[in-house]
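**Q** Show me the folded form of this:
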Amino acid sequence: MDVVHVEILPDFLLRLDYTNGERRQFDMKPLLQITPWNRIAAPARFEKAYVDYGTIVWPGNIDIAPETLYADSVPLPS
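**A** Next up is the predicted model:
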């Protein structure tokens, strides 16, 4: 399942829109103490997230598996 849009929310949350029309929310906080995501633990760096190849990426070759995004996110009301 590919991500088509990301919205950066406060407190290191991502709102994700998927190709199937689902909207989900992913909490990055648990990952921000682990390499390589610790490099985006500052809000100014975290906010540079964008969609590429169906997943979320950050400058510096940092990304997260789309399967992880989907499996560990929670559905949002439509």
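
**Q** quick one: Q33 from A41, how far?
**A** To A41, Q33 is 8 Å away according to C-beta to C-beta, to the nearest Å. Placement of C-beta: from N, CA and C, glycine included.

**Q** and the two? which has more neighbours close in?
**A** A41 (14 against 9; other C-beta atoms under 10 Å).

**Q** how far away is the more buried one from P75?
**A** 26 Å.

**Q** measure stretch 13-22 end to end?
**A** End-to-end span of stretch 13-22 (C-alpha to C-alpha, to the nearest Å): 16 Å.

**Q** Show me which positions of it end up buried.
**A** 13-14, 16-18 (16 or more other C-beta atoms under 10 Å).

**Q** Same question for stretch 61-71.
**A** Within stretch 61-71, the residues scored as buried using 16+ other C-beta under 10 Å are 62-64, 66, 69-70.

**Q** The biggest helix by length in the chain packs against which elements?
**A** Counting by DSSP state H, the longest helix found in the chain is helix 66-71. Here helix 66-71 touches strand 13-18, strand 23-27, strand 55-58, going by 3 or more C-beta pairs under 8 Å, 6 or more residues apart in numbering; DSSP states H and E.

**Q** Of those, which is nearest M1?
**A** Comparison of the helices and strands packed on helix 66-71 against M1 by C-beta to C-beta identifies strand 13-18 as nearest, at 5.2 Å.

**Q** one step back: dump the helices and strands packed on helix 66-71 to a markdown table, plus mean pLDDT and distance to V3.
**A** Listed next are the helices and strands packed on helix 66-71 as a markdown table, based on pLDDT from 0 to 100; distance: least, C-beta to C-beta, whole Å:
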| stretch | mean pLDDT | distance to V3 |
| --- | --- | --- |
| strand 13-18 | 98 | 5 |
| strand 23-27 | 98 | 9 |
| strand 55-58 | 98 | 6 |
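
**Q** R45 is nearest to which of those strands?
**A** strand 55-58 (6.9 Å).

**Q** Paired strands for that closest one, with orientation please.
**A** strand 50-52 (antiparallel), strand 62-63 (antiparallel) (DSSP bridges).
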